[in-house]
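J.: sequence plus predicted model, see below.
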Number of protein chains: 2
Amino acid sequence: MPGPISDERNRLDREALLDAAERLFYERGVQAVGMDELRTASGLPLKRIYRFFPTKEALVVAMLRRRDQRWRKALADHVEQVPDPRDRVLAIFDWLAAWFAEPGFRGCAWINVFGELGSSSDAVLAEVRSHKQAFHDQIATWVHATGLPLAEPVRLLAEGAIVTAGISGDPAPANHARKAAASLLKHPDHQPKSTCAHPKSAIDSSLAET
Amino acid sequence: MPGPISDERNRLDREALLDAAERLFYERGVQAVGMDELRTASGLPLKRIYRFFPTKEALVVAMLRRRDQRWRKALADHVEQVPDPRDRVLAIFDWLAAWFAEPGFRGCAWINVFGELGSSSDAVLAEVRSHKQAFHDQIATWVHATGLPLAEPVRLLAEGAIVTAGISGDPAPANHARKAAASLLKHPDHQPKSTCAHPKSAIDSSLAET
DNA sequence: TAAGATAGAGAACGATCGTTCTCGACGTCA
DNA sequence: TGACGTCGAGAACGATCGTTCTCTATCTTA
């Protein structure tokens, strides 16, 4: 059935290619998966793969960008259905706990690809930084709604939990991070009204960020 | 000057090889550095390299193991000269800040190598897990000296700071993590004697670990 | 001094990589 | 109907990888 390929089929095939790339690259690493294996997994001829993406590097960047959109949307959908601002921040760690427990979980795709290509591909490095910045901004938005200057601690606890769970294969860091975040959110220095007066009851400026 | 090579020279050459491997692998990644480049950098013939280590994988593992010893000793030397238990925990983050500011800093060597080889080399994966476990145990020892159940939060803040500083290239996460750790250590729930009585002044068991 | 062993330098090997090219098959349109 | 264009399948290409082998030169030892 030669002849021009419809836009609709191009769209579907491109998605299927990105699906295969995302799965294989995450499971085994970028450099461990060759273009031939990607051809087999996607069912697309090499010629069409190279029409979609001129190089493997471009395919990696596109895969990361699409995963970023899906990943952060799934996180936001879970977190933003929680009404209370402080519980909303804690919901980040509930979502992480569910992610860590998924079969095949192998840590953060962006951290992993940074280890592989961060020093040899500027385009991949930029995509990793872009994702981490967007993740940070998302967290900062939710944390600022609590009125507490805890965006950086929450971000670092989340990153630490992701990397530790990924390497150890144990989802427990999500709960540890959640409890630490809860403790920070309940810190009396951050409570609007304390049941008794402390010598320094004002907002502790030692936690101010930037 | 053929003839048998002295044990002393074998020792020195082996160290020089590991030096070159550690530097190149950290700078550019394991898979991006070939054995030929290692030969050039170390000045050793390929034959002797393969006498020291039968495969590249064995060389990577040996490099990681030696780096683990050096890295954790440098951390311990800095931290354990601080007498006060709480300040000692905070000194972890001071050491991290100095590390992040070093020229050529590119994140955690073990996290990076996990992204590259974690799914394809069991030996490397075991070495990465061993290092992370040892790092955790070291932190737990120092934190337990404070009497506070904060080993997991401190570990996650440290890991989060390392990975965030590595990707962003900005050493600031060390200070953010330090302030968060200081806040947890000063949490009134953890103070032996408070200046006033809280409804729940007992040690907050919600922070208990494991 | 002659024989044997081991060193170093680098060529060679087989495999695999990302990428491009060949080629027969089948649509579209004058 | 016949020339043209685009398709899929996979061979081919040049580079590079980890690893092994060849060959010569020098040391040690009887």
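T.: Nice, I can see it.
J.: which parts of chain A are helices?
T.: A:7-28, A:35-42, A:46-52, A:56-79, A:85-100, A:109-117, A:122-144, A:151-168, A:172-185 (DSSP state H).
J.: what would those look like in JSON lines with mean pLDDT?
T.: Listed next are the helices of chain A as JSON lines, based on pLDDT from 0 to 100:
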{"stretch": "helix A:7-28", "mean pLDDT": "93"}
{"stretch": "helix A:35-42", "mean pLDDT": "97"}
{"stretch": "helix A:46-52", "mean pLDDT": "97"}
{"stretch": "helix A:56-79", "mean pLDDT": "98"}
{"stretch": "helix A:85-100", "mean pLDDT": "98"}
{"stretch": "helix A:109-117", "mean pLDDT": "98"}
{"stretch": "helix A:122-144", "mean pLDDT": "98"}
{"stretch": "helix A:151-168", "mean pLDDT": "98"}
{"stretch": "helix A:172-185", "mean pLDDT": "98"}
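J.: so residue A:173 versus residue A:13, what's the distance?
T.: Distance of residue A:173 to residue A:13, computed by CB to CB, to the nearest Å: 38 Å. Every C-beta, even on glycine, is put in place using the N, C-alpha and C of the backbone.
J.: which of these two has more neighbours?
T.: Between residue A:173 and residue A:13, counted using other CB atoms under 10 Å in any protein chain shown, residue A:173 has the larger neighbour count: 27 against 17.
J.: ok, residue A:91 touching residue A:82?
T.: Yes - between residue A:91 and residue A:82 there is a contact at 4.6 Å, judged by CB atoms under 8 Å.
J.: returning to that earlier point: how about the helices of chain A, which one is nearest DNA strand D?
T.: Evaluated with CB to the nearest atom of the strand, the helices of chain A place helix A:46-52 nearest to DNA strand D, the distance being 4.5 Å.
J.: among the helices of chain A, which comes closest to residue B:127?
T.: helix A:151-168 (11.1 Å; CB to CB).
J.: pull out the buried positions in the closest one.
T.: Across helix A:151-168, burial judged by 16 or more other CB atoms under 10 Å in any protein chain shown covers A:151-168.
J.: what of stretch A:119-136?
T.: Neighbour-count burial for stretch A:119-136 flags A:119, A:121, A:124, A:125, A:127, A:128, A:129, A:131, A:132, A:135, A:136 (criterion: 16+ other CB under 10 Å).
J.: could you do stretch A:67-78 as well?
T.: In stretch A:67-78, counting by 16+ other CB under 10 Å, buried: A:67, A:68, A:71, A:75, A:78.
J.: check stretch A:85-101 too.
T.: A:86, A:88-97, A:99-100.
J.: show me the contacts for the residue lying closest to residue A:115 once chain neighbours are set aside.
T.: Sequence neighbours aside, residue B:115 is the residue nearest to residue A:115 in space, at 2.8 Å (criterion: CB to CB, 6 or more residues apart in numbering or on different chains). Listed by CB atoms under 8 Å, 6 or more residues apart in numbering or on different chains, the contact set of residue B:115 reads A:29, A:107, A:111, A:112, A:113, A:114, A:115, A:116.
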